[in-house]
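Peer 1: Requesting a structural model of the entry that follows:
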Amino acid sequence: MAAAGALIRVPVAVACRVLGLSTQGYYKWLREPVCQRDWDDAHLIDILYDLHADDATLGFRFLTDELELEHGIKASENRVHRLCRIAGITAQPPQEAVQGRIEREGAARRPPRGRRRARRDPARVRC
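Peer 2: Next up, the predicted model:
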C-alpha cells in the first residue's frame, strides 16, 4: 500500500485498521475507483450542458423533459435539479423580458433596496 519506490511499506490490513476502513472496501475501491452512479452523473451532466447550450432559458424541469424526449433518458426532477446545482446550470430569463423590464416607459424607477432607508443625520440624534 505504498508507492513503488517507497522505503516503508505498510500492510493493507494495518492501514485500514488505523484509518477505520474495511479491507473489503479498499479492495473494491482498488478494483473500481469510480462507482457507476458517479459515472452516470458525469454522463448526464455532459448532456445537460449540451441541452443548456442549445437553449439557456430552460430550467431543470424542462431539462428533465428534454432528457427523456431527445435522449431517451428517464431521470427524476430531483436528480436533474441536484446535477444542475452541482454543475452550475441555471435558467436565464429570455432576453426580451430583460429588455422589457429595463426600458418600460412611464414606470417609476425606485432606488435599489439597500438605499431606500433615509440616513440619519448624526447632528440630529438625541442621547
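Peer 1: State the distance from the residue nearest the centre of the chain to G25.
Peer 2: With distances taken as Cα atoms, centre = their mean, I86 lies nearest the centre of the chain, 1.7 Å away. Using Cβ to Cβ, to the nearest Å, we find I86 at a distance of 24 Å from G25. Backbone N, C-alpha and C define where each C-beta goes, glycine included.
Peer 1: likewise H71?
Peer 2: H71 is 34 Å from G25, by Cβ to Cβ.
Peer 1: Assess the claim that the residue nearest to the centre of the chain and L44 are in contact.
Peer 2: No: with contact defined as Cβ atoms under 8 Å, I86 does not count as touching L44 (10.4 Å).
Peer 1: out of H71 and G25, which sits in the busier spot?
Peer 2: It is H71, of H71 and G25, that has more neighbours when counted by other Cβ atoms under 10 Å, with 13 against 10.
Peer 1: Hmm, that one is touching I47, no?
Peer 2: Yes: between H71 and I47 there is a contact under Cβ under 8 Å: 6.0 Å.
Peer 1: The host helix or strand of the residue nearest to the centre of the chain: which residues count as buried?
Peer 2: Counting by DSSP states H and E, the element that carries I86 is helix 77-87. Using 16 or more other Cβ atoms under 10 Å as the burial criterion, the residues of helix 77-87 that qualify are 80-81, 83-84, 87.
Peer 1: and of those, the nearest to W29?
Peer 2: Closest approach to W29 among the buried residues of helix 77-87 (Cβ to Cβ): L83, at 23.1 Å.
Peer 1: residues in contact with the closest one?
Peer 2: Neighbour list for L83: 41, 44-45, 48, 89 [criterion: Cβ atoms under 8 Å, 6 or more residues apart in numbering].
Peer 1: rerun at 7 Å
Peer 2: By Cβ atoms under 7 Å, 6 or more residues apart in numbering, L83 lies in contact with 41, 44-45, 48.
Peer 1: Report the separation between it and L58.
Peer 2: Taking Cβ to Cβ as the measure, L83 falls 14 Å from L58.
Peer 1: Same check on I89?
Peer 2: I89 is 9 Å from L58, by Cβ to Cβ.
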